[in-house]
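Q: Quick one, structure for this:
(one chain, ligands or ions: 1)
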Amino acid sequence: MEGAQKAASEEVVRDNNGGSNGDGKFLNPTPMLDELEKGPWPSFISGFKELAERTENPMLRGVMDQLEYSYNTKMGYWKGGLVTVDGYGAGVITRYSMIKDKFPEATEFHTMRIQPAPGLHYNTEMLRGLCDTWEKFGSGIITLHGQTGDIMLQGIVQDKVQACFDELNQNGWDLGGAGAGVRTAVSCIGPGRCENACYDNLEAHLQILKHFIGPLHRPEWNYKIKFKFSACPNDCTNAIMRSDLAVIGTWKDSIQIEPEEVKAWIAEKGMDALVNQVLNLCPTHAISLKDGEMVIDSQDCVRCMHCLNAMPKALSPGKERGISLLMGGKNTLKVGVNMGSLIIPFMKMETDEDREEFIELVEEIIDWWDDNGLDHERIGETIERVGLKQFIEGVGLDVDINMVTRPRDNPYFKAKY
Ligand code: SF4
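A: You can find the predicted model right below:
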């Protein structure tokens, strides 16, 4: 590795003293990073360069130099630490350079996680204020939005974090989650603009996250736990894959059919299209034609949303709407990728009482996980380790056939209709 580092450091002439590199340009040469600007896709390097040159920000130049060096040596050189603000134990992701002697301008490059508005409904005044504050205290680089769902303000030194947070907080923003606590939640656009919304996921997001704001700012559990709120089974937040608690809108009764709109759809696209693109693609063959009319057997419908997406004017979710709770979704960790398991098939989520009932259930679930989980174990991993039966009994839930993925494969399962 030493040889590679030597070769890389000799490759370009750098000025790490905070001044110009002598050729009249603010940035040092970065031939490896320049490669990332080629090709058809937008490049973060172009954005980085543009901002660095426009603002003549030495921190950005240092970070680019360190990244170029990383690409040459095939090593990462950031290490963590602890940076936070008064009263909080989370929300700032620390980045200290392990080679600050080589690149002193990149000594610190911390990220502040900021919670997004539910459904990402911002107004321009708030966004302009956020940008102004960030340019005042930080590098100016913003990621909207990171994988966590947060607004990622990237590049600030420790000494400026508190003042930056104070100004952001005065303007209505709050830090997001990090560490072993509740993480920043994500919701889709919901009833703000989507006709398929089955509950007010924006209100649920706001109320539920407000309730759990203590463990969001002060991590206290085995590991992280994430909510995502999708307002319909299209699951635009990818809750089923990427959250421990996926709160997904659904309906209990039958899909609503507008016969006139069905006729208009057939008149435009043809009967073959109805058969080939809608009926035949229903995964459970729940749709049929009776005397030329479209009929849906709601007991067979698994809420996959295909027919509603194909015929948005003709079909809409049923009238009895609420949520399903799926638990345990997560990306690769110790036991691989998990999709959420259905824990609550249907629950109302209309009133404050409904939301309080949901919060009580989640508190019960978290208490069980806190007692039974191992250190650094996501809740889905705990359930997998001890068994779904133990979990269901532990939190006092009734077993429901809807929790079984393929109940008809096994005569042991009996449904009560
Ligand atoms: Fe079939 Fe999916 Fe439509 Fe239900 S939502 S009827 S499962 S296509």
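Q: so what are the domain limits for the chain?
A: 2-75, 79-170, 186-252+320-394, 256-316 (automatic domain parsing).
Q: can you tell which of those is closest to residue 413?
A: domain 186-252+320-394 (13.7 Å; Cβ to Cβ). Any C-beta I mention is one placed from the backbone N, CA and C, and that applies to glycine too.
Q: can you give me the end-to-end distance of that closest one?
A: Across domain 186-252+320-394, the terminal residues are separated by 28 Å (Cα to Cα, to the nearest Å).
Q: hmm, that domain in reach of the ligand?
A: No. Judged by Cβ under 6 Å from any ligand atom, domain 186-252+320-394 makes no contact with the ligand; its nearest approach is 7.6 Å.
Q: same question for that domain, mean pLDDT?
A: Throughout domain 186-252+320-394, pLDDT has a mean value of 93.
Q: Find the nearest non-adjacent residue to the closest residue to the ligand within the stretch 101-250 of the chain, please.
A: Nearest residue of the stretch 101-250 of the chain to the ligand (Cβ to the nearest ligand atom) works out as residue 233 at 7.6 Å. Excluding the flanking residues, the one nearest residue 233 by Cβ to Cβ, 6 or more residues apart in numbering is residue 303, at 4.5 Å.
Q: show me the contacts for that neighbour.
A: Neighbouring residues of residue 303 by Cβ atoms under 8 Å, 6 or more residues apart in numbering: 233, 250, 251.
Q: ok, now with 10 Å
A: 198, 232, 233, 234, 248, 249, 250, 251, 255, 317, 318, 324 (Cβ atoms under 10 Å, 6 or more residues apart in numbering).
Q: which phi and psi does the residue of the stretch 101-250 of the chain closest to the ligand have?
A: phi -70, psi -10 (degrees, to the nearest 10).
Q: now stretch 301-318: how far from the chain's centre is it?
A: 25 Å (Cα atoms, centre = their mean, to the nearest Å).
Q: That stretch: end-to-end distance?
A: End-to-end distance of stretch 301-318 (Cα to Cα): 12 Å.
Q: cool, and stretch 216-225?
A: Using Cα to Cα, the two ends of stretch 216-225 sit 9 Å apart.
Q: Likewise for stretch 38-49?
A: Start-to-end, stretch 38-49 (Cα to Cα) is 14 Å.
Q: could you give the mean pLDDT of it?
A: Per-residue scores along stretch 38-49 average to 92.
Q: so how far is that stretch from its chain's centroid?
A: In this view, stretch 38-49 has its centroid 24 Å away from the chain centroid, taken as Cα atoms, centre = their mean.
Q: in that stretch, what counts as buried?
A: Judged by neighbour count using 16 or more other Cβ atoms under 10 Å, the buried positions of stretch 38-49 are 45, 48, 49.
Q: Check stretch 164-183 too.
A: Neighbour count says stretch 164-183 has 164-165, 167-168, 173-183 buried, by 16+ other Cβ under 10 Å.
Q: still on that earlier bit, might you report the residue contacts of the residue of the stretch 101-250 of the chain closest to the ligand?
A: By Cβ under 10 Å, 6+ apart, the contact set of residue 233 is 196, 198, 240, 248-251, 302-305, 308, 317, 324.
Q: Compare these and tell me which has the most neighbours.
A: Neighbour tally across these (other Cβ atoms under 10 Å): the maximum, 29 neighbours, falls on residue 249.
Q: Now do that residue against residue 75, distance only.
A: 45 Å (Cβ to Cβ, to the nearest Å).
Q: Also residue 92?
A: Residue 92 is 24 Å from residue 75, by Cβ to Cβ.
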